[in-house]
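Undergrad: prediction below, plus the sequence it came from.
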Amino acid sequence: MTQQYDAIILGAGAAGLMCAAVAGQRERKVLVLERSEAPGKKILISGGGRCNFTNLGVAPDRYISANPHFAKSALSRYSAQDFVALVDSYGIDWHEKTLGQLFCDSSSKQIVEMLLAECAKGEVTISCDIEVDEIVQADDGSFAVAAGSETFAAKSFVVACGGPSIPKMGATGFAYDLARQFGLKVVEPRPALVPLTLGGEDVLFRELSGVATEVIARAGQTEFREAALLTHRGLSGPAILQISSYWKHGEEVGIDFLPAMDADWLADMKRDYPRASIAGLLKEYLPARLAVTLAERIGLEGPIQGLSDTTLREASTRLADWRFAPNGTEGFAKAEVTVGGISTSELSSKTMEAKRVQNMYVVGEAVDVTGWLGGYNFQWAWASGWAAAQNL
């Protein structure tokens with residue numbers, strides 16, 4: 001016997017739960033189907049277990065998409081302040097960590113519990129550990145979903161099952177399979193907010209695993225000033241994760257190891273500390289192991305009083321734009337999110353409905369909209385889920 005609903009939402013992650021809660025409270029009969037054994041698994045591990053649930057600096061230019069304007073509508077209609085108000089209404093304590101990033105004081109479980117409570121208010125049905133076998137659309141525009149021995153039907157269907165990042169959490173590319181089934185274009189997905197791997201001459205830096213320092217990381221015209229971490233495989237840390245979303249295979253990444261210094265700082269140091277070595281000076285500003293390695297690679301030894309100002313400026317210029325040639329990333333297994341996804345050209349920016357498939361909506365990470373590190377992707381999940389729920 002087929003179970004009837006107003007809307008079926010595939011995926012009990014951030015976007016799916018938000019969409020379900022809002023639609024349910026609009027008196028829609030909503031069913032959420034989740035492949036994993038429990039809802040909100042990615043939420044639980046986010047932010048080191050404290051969930052970086054939004055960012056005070058949310059703006060459309062902090063999202064990557066083939067259409068940079070697509071996210072404007074949803075983000076403007078459901079803001080970071082709107083979500084903070086919801087969090088506050090549940091008495092969840094939070095703090096701003098840095099750069100507008102908001103975290104729970106206690107645990108990310110509070111955000112999941114809040115979303116489930118909001119779903120309960122709307123009498124939403126959430127079924128976990130469900131493997132969907134088939135989804136078809138009838139002539140009248142409604143959808144039927146077959147899962148094992150059960151069949152569910154609804155006027156509206158929402159794709160909220162995310163992208164393939166963090167497969168150990170149950171993530172797959174199923175959203176893209178659905179898109180192709182219904183004739184929707186997919187922008188080639190790739191790992192984002194992911195560590196970069198090094199090979200060739202850069203392998204030397206792997207020996208500095210565990211060393212971290214504040215840098216400016218650059219790829220093309222984009223740059224981020226945050227901490228970088230050297231690992232046994234290459235480069236990580238917030239600055240690297242951020243720039244990885246913009247980096248493409250074959251390109252170099254530029255690192256400014258001394259973002260507070262100007263081009264003449266070494267030449268100025270020569271006048272004040274003529275007997276100092278470059279390695280010695282670098283140790284004043286960088287971790288010792290990194291300072292020694294950079295000095296060795298530059299190849300200038302002995303007291304700096306024996307070096308010309310031109311040579312010292314060349315050295316400082318190299319330190320301000322040290323070129324790495326990553327040979328790849330650590331892939332979807334370590335990627336926090338996915339760049340690419342179901343093309344925004346296929347969707348309404350106001351309702352998230354597919355233009356060519358009536359009553360089908362796509363929200364969250366499944367869409368070709370990817371935010372910066374620091375709560376931006378959660379805000380896109382909340383906003384896109386809210387936008388779709390207004391029309392279910």
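TA: Arrived safely, thanks for sending.
Undergrad: point out where the stretch 151-300 of the chain drops to low pLDDT.
TA: By pLDDT under 70, the stretch 151-300 of the chain has no low-scoring segment.
Undergrad: what's I304 in contact with, if anything?
TA: L266, M269, K270, Y273, P274, A276, S277, I278, L281, L312 (C-beta atoms under 8 Å, 6 or more residues apart in numbering). Heads up, the C-betas are built off the backbone N, CA and C, glycines and all.
Undergrad: helix or strand for the third one, which one?
TA: Of the helices and strands defined by DSSP states H and E, K270 is found in helix 265-272.
Undergrad: give me phi/psi at the residue nearest to I216 when sequence neighbours are not counted?
TA: Closest residue to I216 apart from its sequence neighbours, by C-beta to C-beta, 6 or more residues apart in numbering: D256 at 4.0 Å. Backbone torsions of D256, given as degrees, to the nearest 10, read phi -100, psi 110.
Undergrad: neighbours around D256, how many?
TA: Residues lying near D256 (other C-beta atoms under 10 Å) number 19.
Undergrad: do the same with V136
TA: The tally of other residues near V136 (other C-beta under 10 Å) stands at 12.
Undergrad: give the contact list for it.
TA: For V136, the contact set (C-beta under 8 Å, 6+ apart) comprises F143, A144.
Undergrad: three-state assignment of it?
TA: V136 falls in the strand class when you classify it by DSSP: H, G, I helix; E, B strand; the rest coil.
Undergrad: any idea how far it lies from Q181?
TA: 9 Å (C-beta to C-beta, to the nearest Å).
Undergrad: look up the closest residue to N391, ignoring the ones flanking it.
TA: Once flanking residues are discounted, N391 sits nearest to T351: 4.5 Å by C-beta to C-beta, 6+ apart.
Undergrad: return a PyMOL selection command for the buried portion of the contacts of I304.
TA: If you want just the buried ones from those in PyMOL, going by 16 or more other C-beta atoms under 10 Å, the selection is:
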select buried, resi 266+269+270+276+278+281+312
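Undergrad: export the contacts of I304 to a markdown table and tack on distance to G91?
TA: As requested, these are exported to a markdown table (distance: C-beta to C-beta, whole Å):
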| residue | distance to G91 |
| --- | --- |
| L266 | 54 |
| M269 | 54 |
| K270 | 59 |
| Y273 | 56 |
| P274 | 62 |
| A276 | 56 |
| S277 | 57 |
| I278 | 55 |
| L281 | 52 |
| L312 | 58 |
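Undergrad: report the separation between the closest residue to L204 other than its chain neighbours and K270.
TA: Of all residues not flanking L204 in the chain, T293 sits nearest, at 6.8 Å (C-beta to C-beta, 6+ apart). According to C-beta to C-beta, T293 stands 22 Å off from K270.
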